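predicted model and sequence follow; I will ask about them next.
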Amino acid sequence: MPGYGDSPPAEMVATAQGRVAFLDHVLQELGMRRPVLVSPSMSGRFALPFVLVRGDRLAGFVPIAPVGTKDYTAEQYQRVQTPTLILYGDRDRSLGPQALQSLRHLPGHRVAVIPDAGHACYLDKPEDFHRALLGFLRQLK
């Protein structure tokens, strides 16, 4: 993502609106219609504002202990109608439970906690992670 890791800083993603526009552009360029947005950790800075503003363009949302959940109110989350699977590892003692506190306000959400997994639960327990993710995907329209 622009501005993260080894990528250079990018003015266009300095604001939540800029990150929404960037992600919207990426999805348009890829020709994706109603994708499921899977958002681990730092990608929450892009995914959360997108879901709040353009969630109707998504078939589903899978936040995996994302950052930035405290930046939004319960009322903002309650307006989202995107089916959501809140996912995190049970050994993630900070971001996972912290994100759940905010994301639990999303209507129509499910929660999957991966046992014996930390913050990067998809790396710690990939089979359990994929089982939860695929189960959620099968239930989407």
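Arrived safely. Numbering: from 1, shown residues only.

what ranges do the helices span in this structure?
With DSSP state H as the definition, the chain shows helices at residue ranges 16-29, 44-54, 74-78, 95-103, 121-124, 126-139.

CSV please, covering those helices and showing mean pLDDT, distance to residue 1 and mean neighbour count.
To be clear about C-beta, it is placed using only N, CA and C from the backbone, and glycine gets the same treatment. Supplementary listing: those in CSV, determined by pLDDT from 0 to 100; distance: least, C-beta to C-beta, whole Å; neighbours: other C-beta atoms under 10 Å:
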stretch, mean pLDDT, distance to residue 1, mean neighbour count
helix 16-29, 94, 8, 16
helix 44-54, 96, 6, 22
helix 74-78, 97, 22, 13
helix 95-103, 93, 17, 19
helix 121-124, 95, 17, 19
helix 126-139, 97, 20, 14
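
redo those as TSV? Include distance to residue 38.
Conversion of the helices of the chain to TSV gives the following (distance: least, C-beta to C-beta, whole Å):
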stretch	distance to residue 38
helix 16-29	13
helix 44-54	8
helix 74-78	18
helix 95-103	14
helix 121-124	9
helix 126-139	7
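
between the ones you listed, which gets nearest to residue 36?
Put simply, out of the helices of the chain the one that sits nearest residue 36 is helix 126-139, at 6.4 Å, with distance taken as C-beta to C-beta.

quick one on the thing from earlier: so for residue 66, which of the helices of the chain sits nearest?
Residue 66 lies closest, by C-beta to C-beta, to one member of those: helix 44-54, at 2.5 Å.

could I get that closest one in CSV with only the CA atoms?
Presented in CSV, the C-alpha positions along helix 44-54 are these (Å, rounded to 0.1, in the frame of the first residue of the first chain):
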residue,chain,number,x,y,z
GLY,A,44,-7.4,-1.2,8.0
ARG,A,45,-6.4,2.4,7.3
PHE,A,46,-7.6,1.8,3.7
ALA,A,47,-10.3,-0.7,4.2
LEU,A,48,-12.3,0.8,7.1
PRO,A,49,-13.0,4.2,5.5
PHE,A,50,-13.8,2.4,2.2
VAL,A,51,-16.3,0.1,3.9
LEU,A,52,-17.9,3.0,5.7
VAL,A,53,-18.3,5.1,2.5
ARG,A,54,-18.6,2.5,-0.2
